[in-house]
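J.: With the input below, show me the fold.
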Amino acid sequence: MSNAKERKHAKKMRNQPTNVTLSSGFVADRGVKHHNGGGKAFQAPRLGTAPPRQTKTTHYAPPEPDVSEQLSSRVMFKKKGGWRAGPEGTSQEIPKYITASTFAQARAAEISAMLKAVTQKSSNSLVFQTLPRHMRRRAMSHNVKRLPRRLQEMAQKEAEKAVHQKKEHSKNKCHKARRCHVNRMLEFNRRQKKNIWLETHIWHAKRFHVVRQWGYCLGERPTVKSHRACYRAMTNRCLLQDLSYYCCLELKGKEEEILKALSPMCSIDTGLTFAAVHCLSGKRQGSLTLYRAHRYPHGVLGPVTFIWRPERTPGDTSASRQLWIWLHPTLKQDILEEVKAACQCTEPVTPTPCVPDPLPTPSHGQSQPALPDEKIGKKRKRKDDGEDAKPVKKFFGDGTRDPHQPRSWISAATGIVISDLTMEMNRFRLIGPLSHSILTEALKAASVHMEGEDTEKTPHLWWIETCKNPDAVSLHRRQEAIFELLGGVTSPAEIPAGTVLGLTVGDPRINLPQKRSTALPNPEKCQDNEEVRQLLLEGVPVECAHSFIWSHAVCESVTENKISDQDLNQKRSELLVPGSQLVLGPHESKIPILLIQQPGRVAGDDRRGWGSGWDVLLPKGWGMAFWIPFIYRGARAGGLKEARVHSQYKRSPYVPGDFPDCSAGVLFAEEQANDLLEKYKRRPPAKRPNYVKLGTLAPFCCPWEQLTRDWESRVQAREGSPGAFPPRGEGSDLRGDEVPCVPTPEKPRQAPDEADTPLQDARGPEGERDTECPAQAGAAGLPGQDATGSLLCVLRSRAALKQLSAWCGPSCGGRRAAQRAPGRGQRDLTPEACLPLLDRFPRALVWVSLSLLGKGSPEPRTMICVPAEEDFLQLGRDRLYCGPQEPKHSDPFKSKIRKQKEKKKVEKRQNHGPAGSEGLPVGGPAVGLPALTLGLWSGPLPDVTSHCSRALLGFVTQGDFSMAVGCGEALGFVSLTGLLDTLCRQPAAQRGLVLLRPPASPQYRFARIAIEL
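T.: Model (predicted):
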């Protein structure tokens, strides 16, 4: 019998009862006789064969009869032709007589065993699943009568079991109940306990890839292809972004006390401060970089924007001022603590704003009512509490915050009150030239309340009281007139930067169009108009910057008295003429807003004003009421990715990734490096680049500290004195001079045995240089020095950046050379001119922009390197020369990784042995060794500036192909010491040329470096 037939026979016989034994039909069992009474089996003698195996028999209770009284029957199975009985399977020894009682008892036992085997289930399948597939029907699973009659009884028993009974679905779990407003609000409020939702979250979740970042659920990028479309919207149309996750800190108090407390946290060397004239009056929005008190240029907290409440407003007689500071959520905690310390605000104020009702959870003090026995374990339909039931409200603002957590702090000494207004306002940003048209079409100024109108049932009492003041009505008319003039202005860049305009508008849902359309500007409004020319030159008057959004009581009233969408649609459906204008009269909501002009690109000479637009501040609860009208007027929505692209095209730092001297920037870099490392390890070694052989020491992070320290040590070691530079003029050349800053290619390619020395001693010389560094020793007493002794900072001095910008360009004619003429008061590039800058900023980074001369698309963490002499010679001979290539490095860790793997195998083999528990512990010898990854540099990094054939100058933080200029552009940081050393050594005609090399490529490409203000 073949193996397949043996397995088939064994499968058929596995469910046979033990008291019935049939012969398998094999050759070895042909001599086995089975007694009809269930007694012993006897062996028939066989010649030339091995003793046959004993088959399994049942020991029956009756006494053993005589052998001659038993009947033996046998079924023979042939190897071919299937299973059948034949005369060759019948025993030749037939007994002459049998005992009826004994024979009947044996047959009764077999029949009972057969019935038991038939009735018992031998598998986990249901009865209808045992039928052949062609006999199965879908209705058999719930209708027993569709089964054959012989199986209906068993199927009925299975159906009566509790496991197969239908679950009783509760009525409030159907689809209609799940879509119920109350249930959805409960579910949405529960889901935003950990990550806060913006008011536009549901809209974004249907159209965007949502990420959990900074404690919020934010839309990262649209689900459709829209990279080029979003760029076209920022350039020619309008891009809409929800920036409501930005945090707002409010300071109330006397103007002198606020300025006195905040002045140590900013420096006039970096630009305007809180005391700027235009900003202090409330006419403009200002921006600056905050530092820890008295620690400039170190101790950076991050960039912020601020707005002062206008000084003179109708009906305002108080002498206190109000200041709003807007900042990124990653910077909130550090800045809030520092501002509280500077203002001496330590006493928390009891929160007065209304807090939304928490989720309905049973209190610990109340006891649950006893339930009857029949209700236990069953779902119950939710019962309303009648009049005592409270409607579930949606969380507006930061409603998930603990109500007992303080939101305001007061100072008894200075009288300043600091309030955290995070998520208390919505902030939308419109970018592009059509921002004016969309704003003027979507928003209409609120109608002035007349004396004769019915005001008994209107909830907007604050607007009625405002309209009683003639000065307030006159101011509202002026704001409305200026707002209407914006519709004829071609681009927001024509308005003065940071202009603030206050306004009170009606409900934008009333003017919502039936279909999406594109709002276009109306040039007729600004033709030969003296008011438009005055607006473009002087901006909005100071008194027109007033808005009722500064009043918390008004904002709370506007949020609470908002007409729901359901009520609004109900009134719209009751119109006599469908589609006509809905007029609510005094019952229409009046919403105070604040319009803030965003200047767009202000750095550089080309594309000035690109990316300009308007920010709209409005009270909480009105996010979707304004978002949908903007979308219906032609605005395209963007996410975090579009915000990064907007920042890159403006050539401005992006928060928090482009602030390496800030704690938030350091934390962001660490998280990003961990994510990239995990992604790198998930790929097999053959499908990922070997960064060690490519000469990339840090592919996932930028070692800014070591870069500045190595450049400082490099210059000191070359010249023998700190800050000294070679005496080279502008007309000097690199030919005939040695270039010690360019190492030989053979240096990084060491043998595996010799590579242990630089790995172990990489940090030693650096530590000695740090101790002996005169620049650091002289700056050790600086107030801005960190506790760790770090002197890393980013150069933000306007005067120093202006001087560096003049030095970076070539000095051989052209438009840039004419702009950098000595008549502008700039000093020539000499070693003596560089010494004061290095003494003041010994380890500083400089924000630079780079533009590739040829093809190539830079990416983040691309290395910025110094060209060698032969690179300039080759570029002079061939203008199409793309750049040199980095020679292949040796991998000193490959042999170590191989030995480590072999050692692990040996230890694993020993641990699995009989004496494994008595031997070495698991991983004992490798406990102190670092985890090595093939393709990555392990252990302390060597000198990052001289590891490759071209000296490392800095890293790229933002980079991509620019659709604005048609070539690759990048933004990044370089070492100030390395930049000055490079500029002094480069020829005057080729000054400012650098090389860019991606982390996973050996190809260098030429780029032009620039510092734009």
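
J.: tell me which element V500 is part of?
T.: strand 500-506 (DSSP states H and E).

J.: Kindly export that strand (C-alpha atoms) in PDB.
T.: Below are the C-alpha coordinates for strand 500-506, written out as PDB (Å, rounded to 0.1, in the frame of the first residue of the first chain):
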ATOM      1  CA  VAL A 500      -3.400  95.000  11.900                       C
ATOM      2  CA  LEU A 501      -7.100  95.700  11.100                       C
ATOM      3  CA  GLY A 502     -10.000  95.100  13.500                       C
ATOM      4  CA  LEU A 503     -13.500  94.400  12.300                       C
ATOM      5  CA  THR A 504     -16.900  93.100  13.400                       C
ATOM      6  CA  VAL A 505     -18.500  90.900  10.700                       C
ATOM      7  CA  GLY A 506     -21.800  89.100  10.300                       C
END
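
J.: ok now that strand, how far from the chain's centre?
T.: 34 Å (Cα atoms, centre = their mean, to the nearest Å).

J.: right, and the helix or strand after that strand?
T.: Moving toward the C-terminus from strand 500-506, the next helix or strand (DSSP H and E) is helix 530-538.

J.: List the buried residues for that next one?
T.: By 16 or more other Cβ atoms under 10 Å, the buried positions in helix 530-538 come out as 532, 535. Backbone N, C-alpha and C define where each C-beta goes, glycine included.

J.: Please shift the residue numbers so they start at 808 in all later answers.
T.: Sure, I'll start counting at 808 from here, so that last one is helix 1337-1345.

J.: From the rest of the structure, what touches the following helix or strand past it?
T.: Going down the chain from helix 1337-1345, the next helix or strand is helix 1359-1367, by DSSP H and E. Helix 1359-1367 has contacts (Cβ atoms under 8 Å, 6 or more residues apart in numbering) with 1160-1161, 1203, 1231-1232, 1266-1269, 1355-1356, 1396-1399, 1426-1429.

J.: just the buried members of the residues you listed?
T.: 1203, 1231-1232, 1267, 1269, 1355-1356, 1396-1399, 1426-1429.

J.: Rounded mean pLDDT for the helix or strand hosting T1042, please.
T.: Take DSSP H and E as the rule and T1042 turns out to sit in helix 1034-1043. On average, the pLDDT along helix 1034-1043 is 94.

J.: Find out how far it is from the centre of the chain, if you would.
T.: 23 Å.

J.: Next: stretch 1647-1654.
T.: Using Cα atoms, centre = their mean, the offset of stretch 1647-1654 from its chain centre is 31 Å.

J.: Buried ones in that stretch, by neighbour count?
T.: 1648-1654.

J.: That stretch spans what distance, first to last residue?
T.: The first and final residues of stretch 1647-1654 sit 17 Å from each other (Cα to Cα, to the nearest Å).

J.: hang on, the earlier thing: could you say what helices and strands the helix holding T1042 packs with?
T.: strand 1443-1444, helix 1447-1457 (3 or more Cβ pairs under 8 Å, 6 or more residues apart in numbering; DSSP states H and E).

J.: how about the ones you listed in a markdown table, adding mean pLDDT, mean neighbour count and distance to C1689?
T.: Shown next, in a markdown table, are the helices and strands packed on helix 1034-1043 (pLDDT from 0 to 100; neighbours: other Cβ atoms under 10 Å; distance: least, Cβ to Cβ, whole Å):
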| stretch | mean pLDDT | mean neighbour count | distance to C1689 |
| --- | --- | --- | --- |
| strand 1443-1444 | 96 | 20 | 37 |
| helix 1447-1457 | 94 | 20 | 23 |
